[in-house]
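Undergrad: Fold the following.
(chains A and B)
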2 protein chains.
Amino acid sequence: MKVIGEVQVLRESVRQERNAAMRQGREISVGLVPTMGFLHEGHASLLREARAKNDLVVLSIFVNPIQFGPNEDFERYPRNEQSDLALAEREGVDIVFIPSVVEMYPKPAKTRIVVSELTSSLCGASRPGHFDGVTTVVSKLFHLVAPDYAYFGMKDAQQIAVIQQMVEDLNFDVTIEACPIVREEDGLALSSRNVYLSSEDRKQALILSDSLQQVQHDLQGDQKVTATELVERVTGLIRSKPLANIDYVQVLEFPTLNEIGRDVDLRHVEHDVIVAVAVKFGTTRLIDNVVISSKGVPVHV
Amino acid sequence: MKVIGEVQVLRESVRQERNAAMRQGREISVGLVPTMGFLHEGHASLLREARAKNDLVVLSIFVNPIQFGPNEDFERYPRNEQSDLALAEREGVDIVFIPSVVEMYPKPAKTRIVVSELTSSLCGASRPGHFDGVTTVVSKLFHLVAPDYAYFGMKDAQQIAVIQQMVEDLNFDVTIEACPIVREEDGLALSSRNVYLSSEDRKQALILSDSLQQVQHDLQGDQKVTATELVERVTGLIRSKPLANIDYVQVLEFPTLNEIGRDVDLRHVEHDVIVAVAVKFGTTRLIDNVVISSKGVPVHV
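TA: I've put the predicted structure just below:
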């Protein structure tokens, strides 16, 4: 496993692998797993997916400052390079790219990639500029690695929708692979930020996955269900937990993130539907979601 | 010479050329010349430069709607596919990419690449959103062709500065080559839009290149010259032509496009300096510029 900190070395390393194979008449496939590190089983599942389908697997670890707002947790975002490298090694990663901030942004960046509409709801509404930072850094990584496949977790469902839109609009030569959310046994979605939960936060945070599971049942029942009812139901459930501070509960079409009419019966819409929540426990903000297909069953995209 | 209209065919054609060479142990170089067609000797000079330095030369011809404002000349921008293809053939182009608008924008595009600061002066100030359209379409072409070198004319000096900034900020794997302005014998900078000048417009339009040439002399003289004085001098010269309607006359550092202090003697600045003008004759808007090095001599970038 190579561990690389410089953009030029990364670019050259991937190119050399490609060219060496091509000289032997083989075209190799390169899989990229972009992360902010502090890796957990969710990331590991992306790496395994990448490993199974590609000749070369590149893991990037970079806590990207430009996707954090001025009052967000860039400084205290958890980091642990040593255990990240151990996990990468276990999962058979070929190249770990772990650059410094100055390596990624040697001069003040003047260029942003902006995806409109898809970024105006959910986390885009709560975190202005967040997705510009995401698409900008992801495009940089795509240009450095030139991957055939890039792997993202469905916990950040909006991120996947936004990146997919960017890839199509800008003709990036990469296929985006969306991988299912990985959960603890009790249902809590894995997140690097979970380490900041107190044990009482942790207990009450289960309401996110619990409430999402309950609405899945509603959508498989005999009664009409509208988006408004569903939002009210989830909101009520989460509010029953005193430590939970709701940022948003939204029900939208997926992956367009278009709004759904007030009276539409969600059991019979033509598009997939996402139920997405963001909830703060103290200063720790958790997100979770479920995407339900037009047939009322959860989608493991 | 291949003439291609579809993005997937373009992508595959370039890839096949690269891979075929690589199988023989050769890495080829690909040069891209992005244009809006109605090709003239200025474009031909770019193609010759590309032809001299690359194994594969790709010419793109696309009048890009998203870089035109609502009251600009998208509809009436001159087009002549047949003579463009003849010129491409003469210059030894390997692939001409000439897509339809719907091929480039199959769905309403939600993604824009925005370069700040550099786009707030000159044409960026007169044409809001213009450079977002340019960087967005250029990034699409870069993703489709994956060129090693891309060639642009210095008549659009701000465009080159903006694209160079994008390439650095987003780690595009391409080298931008800036080629000198090509002029008629009497000095008029070549432009596809020149066909719309009446013979009287055409005569008076010579004041652009004439005035730029005069300020070059000033900068080689014994007298201190400030940006303000230079702007006044060029403005006065252009105003002497009754059909000329000035959009802007600006003197800035190049390629940063930073402003220059009022009292600075331009003969002794550390950066290169651009003197840039945009002038309308009737509804036809012409631009021209000269970049002068810190040593007072014109730069043929």
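
Undergrad: List the contacts of the residue in the stretch 201-301 of chain A that chain B sits nearest to.
TA: The stretch 201-301 of chain A approaches chain B most closely through residue A:256 (10.1 Å), counting by C-beta to the nearest C-beta. C-betas here are computed from N, CA, C, even on glycine. Contact partners of residue A:256, counting by C-beta atoms under 8 Å, 6 or more residues apart in numbering or on different chains, are A:118, A:161, A:271.

Undergrad: Go again with 7 Å.
TA: Neighbour list for residue A:256: residue A:271 [criterion: C-beta atoms under 7 Å, 6 or more residues apart in numbering or on different chains].

Undergrad: Check the one 10 residues further on too.
TA: Taking C-beta under 7 Å, 6+ apart as the criterion, residue A:266 is in contact with A:219, A:225-227, A:230, A:273.

Undergrad: just the strands in chain A please.
TA: Assigned strands in chain A, in chain order: A:2-4, A:30-35, A:56-61, A:95-97, A:111-115, A:149-153, A:175-179, A:244-254, A:272-281, A:284-292 (criterion: DSSP state E).

Undergrad: which residues are there in chain A that come within reach of chain B?
TA: A:7, A:11, A:19, A:22-23, A:25, A:27, A:109-118, A:139-140, A:143-144, A:165-166, A:169-173 (C-beta under 7 Å from any C-beta of the partner chain).

Undergrad: let's see 8 Å
TA: Contact residues, chain A versus chain B (C-beta under 8 Å from any C-beta of the partner chain): A:7, A:11, A:19, A:22-23, A:25, A:27, A:107, A:109-118, A:135-136, A:139-140, A:143-144, A:146, A:165-166, A:168-173.

Undergrad: which regions of chain A sit below the pLDDT cut-off?
TA: Counting by pLDDT under 70, chain A has low-confidence residues at A:294-301.

Undergrad: Setting aside sequence neighbours, what's the nearest residue to the most centrally placed residue in it?
TA: For chain A, residue A:156 is the residue whose C-alpha lies nearest the centre (C-alpha atoms, centre = their mean; 3.1 Å). Nearest residue to residue A:156, sequence neighbours excluded (C-beta to C-beta, 6 or more residues apart in numbering or on different chains): residue A:287, at 7.4 Å.

Undergrad: just to revisit the earlier point, which one of the contacts of residue A:266 sits closest to residue A:131?
TA: residue A:273 (20.9 Å; C-beta to C-beta).

Undergrad: what's the burial count for the closest residue to the closest one other than its chain neighbours?
TA: Leaving out its chain neighbours, the residue that sits closest to residue A:273 by C-beta to C-beta, 6+ apart is residue A:292, at 5.0 Å. By the measure other C-beta atoms under 10 Å in any protein chain shown, the count of residues near residue A:292 is 24.

Undergrad: Kindly report the same for residue A:222.
TA: Other residues close to residue A:222 by other C-beta under 10 Å number 5.

Undergrad: Could you check how far the residue of the stretch 201-301 of chain A closest to chain B is from residue A:40?
TA: Distance of residue A:256 to residue A:40, computed by C-beta to C-beta, to the nearest Å: 30 Å.

Undergrad: ditto for residue A:259
TA: From residue A:259 to residue A:40 the distance is 33 Å (C-beta to C-beta).

Undergrad: more neighbours, those two?
TA: Neighbours were counted for residue A:259 and for residue A:40 using other C-beta under 10 Å; residue A:40 has more, 17 against 13.

Undergrad: show me the contacts for residue A:238.
TA: Contacts of residue A:238 by C-beta under 8 Å, 6+ apart are A:207-208, A:211, A:244, A:246, A:249, A:277, A:279.

Undergrad: and of those residues, the nearest to residue A:63?
TA: residue A:279 (22.3 Å).

Undergrad: That closest one - how many residues pack around it?
TA: With other C-beta under 10 Å as criterion, residue A:279 counts 24.

Undergrad: Quick check, it in contact with residue A:239.
TA: No. At 10.0 Å, residue A:279 and residue A:239 do not qualify as touching, with contact defined as C-beta atoms under 8 Å.

Undergrad: Wait, residue A:35 touches residue A:59, no?
TA: Yes. Counting by C-beta under 8 Å, residue A:35 does reach residue A:59; the two are 6.7 Å apart.

Undergrad: quick one: which of the two has more around it?
TA: residue A:59 (29 against 22).

Undergrad: quick one: contacts for the more buried one?
TA: By C-beta under 8 Å, 6+ apart, the neighbours of residue A:59 are A:32-33, A:35, A:47, A:88, A:93, A:95-97.

Undergrad: Okay, and the beta partners of it?
TA: residue A:33, residue A:96 (DSSP bridges).

Undergrad: any idea how far residue A:92 is from it?
TA: Distance from residue A:59 to residue A:92, by C-beta to C-beta: 10 Å.

Undergrad: And for residue A:234?
TA: 39 Å.

Undergrad: what about those two, which has more around it?
TA: Each of residue A:234 and residue A:92 has its neighbours counted (other C-beta under 10 Å); residue A:234 has more, 25 against 13.

Undergrad: I'd say that one and residue A:213 touch.
TA: No. The pair residue A:234 / residue A:213 is not scored as a contact, 10.6 Å apart, by C-beta under 8 Å.

Undergrad: where do the contact lists of residue A:279 and residue A:239 overlap?
TA: What both residue A:279 and residue A:239 touch, as defined by C-beta under 8 Å, 6+ apart, is the set residue A:246.

Undergrad: Show me chain A divided up by domain.
TA: A:2-179, A:192-292 (automatic domain parsing).

Undergrad: Ends of the longest one, what's the gap?
TA: One end of domain A:2-179 sits 25 Å from the other (C-alpha to C-alpha, to the nearest Å).

Undergrad: The shortest one too?
TA: One end of domain A:192-292 sits 25 Å from the other (C-alpha to C-alpha).

Undergrad: Based on its surroundings, how many neighbours for residue A:288?
TA: 23.

Undergrad: Is it in contact with residue A:181, as I believe?
TA: Yes. Using C-beta under 8 Å, residue A:288 is in contact with residue A:181, at 7.5 Å.

Undergrad: which residues are in contact with both of the two?
TA: A:155, A:189.

Undergrad: ok, back up a step: shared neighbours, residue A:59 and residue A:92?
TA: residue A:47.

Undergrad: quick one on the thing from earlier: of the contacts of residue A:59, closest to chain B?
TA: residue A:97 (11.8 Å).

Undergrad: mind listing what the closest residue to that closest one other than its chain neighbours touches?
TA: If the residues on either side of it in the chain are set aside, residue A:97 comes closest to residue A:60, at 4.4 Å by C-beta to C-beta, 6+ apart. Applying C-beta under 8 Å, 6+ apart to residue A:60 gives the contacts A:32-35, A:96-98, A:141, A:145.

Undergrad: make it 7 Å
TA: Counting by C-beta under 7 Å, 6+ apart, residue A:60 touches A:32, A:34-35, A:97, A:141.

Undergrad: quick check, nearest of those residues to residue A:188?
TA: residue A:35 (19.1 Å).

Undergrad: my read: the closest one touches residue A:64, true?
TA: No. In this structure, residue A:35 is not within contact of residue A:64 by C-beta atoms under 7 Å, at 10.3 Å.
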